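Q: What would the 3D arrangement of this be:
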Amino acid sequence: MPQFDVGASIGENALMSDNDFSSNICSISEIDPEKVAFVQKMALPEHTVEKVSRLFSALSDPTRLKILHALTVTEELCVCDLAALAELSVSAVSHQLRLLRDRDLVRARRDGRMVYYSVADDHIAILMGTGVEHAEE
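A: Numbers count the residues shown, from 1 in each chain. Okay, here's the model as predicted:
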C-alpha cells in the first residue's frame, strides 16, 4: 500500500520511501470529517476486534504456524505426525493444538484411540496461503 508524504504541498501526494522516518506524522492537525465519519460507521464491533486479535495472536508463534501449514497441505494429521514434523515433543505440540482449537483454527476428529487434526475451515487455509505469499514477495 503506498504511503503519501504528508509534508508534500496540497495536491502533491509524493510517495514516501520505506526509509523516510522523518515525515511519519502530519505537519498540520486537520481531519477530514467525511472520511472519519465513514470509517467510524464501518468500524468493527468490539467482539469482532477481540476475535481477530486472538486469531493473529495465535498465528504469531512459529510452532503454531508450522502446525497450521502442515494441516493446510494435507487433509489431517495426528499429534504424533505433527510432533515429528515440528521436531517437538508430543506434549509440546498438544499444548499448541489446544490453543489452536480454543481459537477455532483447528478441529479434532477421534477414530478409536487416535485423534486427527485438520484446519477448521477454508478461511484458515486461505489466510495461511496469503500470509506465505506475502512473506515470499
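
Q: From R113, how far off is the residue nearest in space to the middle of the chain?
A: In the chain, the residue lying closest to the centroid (CA atoms, centre = their mean) is F56, at 4.0 Å. Using CB to CB, to the nearest Å, F56 is found at 34 Å from R113. Heads up, the C-betas are built off the backbone N, CA and C, glycines and all.

Q: can you give me the strands for the chain?
A: For the chain, the strands defined by DSSP state E occupy 77-78, 106-111, 114-119.

Q: Paired strands for the last one, with orientation please.
A: Just to be clear, that refers to strand 114-119. strand 77-78 (antiparallel), strand 106-111 (antiparallel) (DSSP bridges).

Q: pLDDT below threshold where in this protein?
A: For the chain, residues meeting the criterion pLDDT under 70 lie at 1-23, 26.

Q: Which stretches in it count as helices?
A: Under the criterion DSSP state H, the chain carries helices at the ranges 33-41, 46-58, 62-73, 79-86, 90-102, 122-135.

Q: Would you map out the domains in this structure?
A: Under the assignment named as automatic domain parsing, the residue ranges that make up the domains of the chain are 1-31, 46-135.

Q: Would you mind finding the most buried of these?
A: Ranked by mean neighbour count under mean count of other CB atoms under 10 Å, those are led by domain 46-135, which reaches a mean of 15.

Q: That domain: end-to-end distance?
A: Using CA to CA, to the nearest Å, one end of domain 46-135 lies 29 Å from the other.

Q: Same check on stretch 96-113?
A: When the termini of stretch 96-113 are compared using CA to CA, they are 20 Å apart.

Q: need the contact list for L105.
A: Contact partners of L105, counting by CB atoms under 8 Å, 6 or more residues apart in numbering, are 55, 58, 68, 119-120, 124.
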